[in-house]
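>>> Provided below are the primary sequence and the corresponding predicted coordinates.
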Amino acid sequence: MAGAEEDSRELFGVGVRAALEAWPALQIAVENGFGGVHSREKAEWLGGAVEEYFFRNADLELDEVEDFLGELMTNEFDTVVEDGSLPQVSQQLQTMFYHFQRGDGAALKEMASHITQRKCRVRATAVTTARETDEDDADSVEEMEVTATSDGATTDGVFPQPESFGPDSQTIKEEDIVEDGWTIVRRKK
C-alpha cells in the first residue's frame with residue numbers, strides 16, 4: 001500500500017507542477033523577472049510549497065486555495081492576479097488533490113496530461129505610448145501586449161478560454177465605451 005501512496009503522491013506533484021507551468025499569470029511573472037533574478041527558482045519552489053500546503057491542510061475550501069496562491073504570487077512575484085485565473089487554477093489543484101486522496105492515480109495522470117496538452121506559451125512585452133492630456137502635456141502610459149502560442153499557433157492578446165461562455169455571457173460593444181474611459185457592460189438576451 002505504501003508504494004501506491006508514493007506513486008499517487010508523485011503523480012500529485014507532477015500534476016501540481018503541470019498546472020502551475022500552464023498558468024499564464026505565473027509564466028508572465030517568471031519570464032519578466034517579477035520575482036527578481038531568482039524568478040525561475042521561485043516558480044519551482046512554488047510547486048513544492050503548493051504540494052506541501054495541500055498535504056498539511058487536507059480539507060481545504062476553494063477560496064482558501066485561491067487566497068494562498070494569490071498571497072504567494074503577491075509576496076514572491078510582486079504580482080496581483082486579476083485575470084480570473086486564480087479560481088481556475090485553484091479548482092484544478094483541488095480536483096487533483098481529491099484524486100490523490102482517493103488513490104486514483106489514473107485520474108491524476110489523465111489530468112496532468114490534459115493540462116500539459118492544453119498548455120500555451122505566453123509572452124508579455126511592455127509597450128509605452130504617449131497620450132495627450134488637456135494641458136497638451138504627454139503622459140507616458142505603460143501597457144502589456146500579450147502573445148499566446150499553443151500548438152505552434154500565435155494569438156495576440158487573446159487566450160484560449162478553458163470553458164465556453166453560455167448565452168448570458170457579457171460582451172462589450174464600441175458604443176458601450178463612454179467618453180471618460182468607463183465601459184458599460186450588458187448581458188446578452
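Nice, I can see it.

>>> helix or strand with the lowest mean pLDDT in the protein?
Evaluated with mean pLDDT, DSSP states H and E, the helix-and-strand set of the chain has its lowest mean pLDDT in strand 153-156, which scores a mean of 43.

>>> quick one: Met96 from Ser8, how far?
Remark: distance between Met96 and Ser8 (Cβ to Cβ, to the nearest Å) = 10 Å. C-beta: built from backbone N, CA, C; applies to glycine.

>>> pull the longest helix from the chain.
With DSSP state H setting the assignment, residue counts place helix 2-21 as the longest helix in the chain.

>>> still on that earlier bit, okay, and the common contacts of Met96 and Ser8?
Here Met96 and Ser8 share the contacting residues Leu108, scored by Cβ atoms under 8 Å, 6 or more residues apart in numbering.

>>> neighbour-wise, which of these two wins?
When Met96 and Ser8 are compared on other Cβ atoms under 10 Å, the one with more neighbours turns out to be Met96, at 25 against 18.

>>> strands of the chain, residue ranges please.
121-132, 138-150, 153-156, 170-171, 186-187 (DSSP state E).

>>> comparing the ones you listed by mean pLDDT, which bottoms out?
Within the strands of the chain, confidence is poorest for strand 153-156, with a mean of 43 (mean pLDDT).

>>> pLDDT below threshold where in the chain?
Using pLDDT under 70 as the threshold, the predicted model of the chain has low-confidence ranges 1-5, 119-181, 189.

>>> rerun that using 50 as the cut-off
Applying pLDDT under 50 to the chain flags the ranges 1, 128, 132-141, 151-172.

>>> now for Met73, how many residues are close by?
Neighbour count of Met73, defined by other Cβ under 10 Å: 21.

>>> that one touches Ala25, doesn't it?
Yes. Met73 is within contact range of Ala25, at 6.8 Å (criterion: Cβ atoms under 8 Å).

>>> and for the two, which residues touch both?
Where contact means Cβ under 8 Å, 6+ apart, the residues bridging Met73 and Ala25 through contact with each are Thr79, Val81.

>>> okay, buried residues for stretch 93-113 please.
Residues of stretch 93-113 classed as buried by neighbour count (16 or more other Cβ atoms under 10 Å): Leu93, Gln94, Met96, Phe97, His99, Phe100, Asp104, Gly105, Ala107, Leu108, Met111, Ala112.
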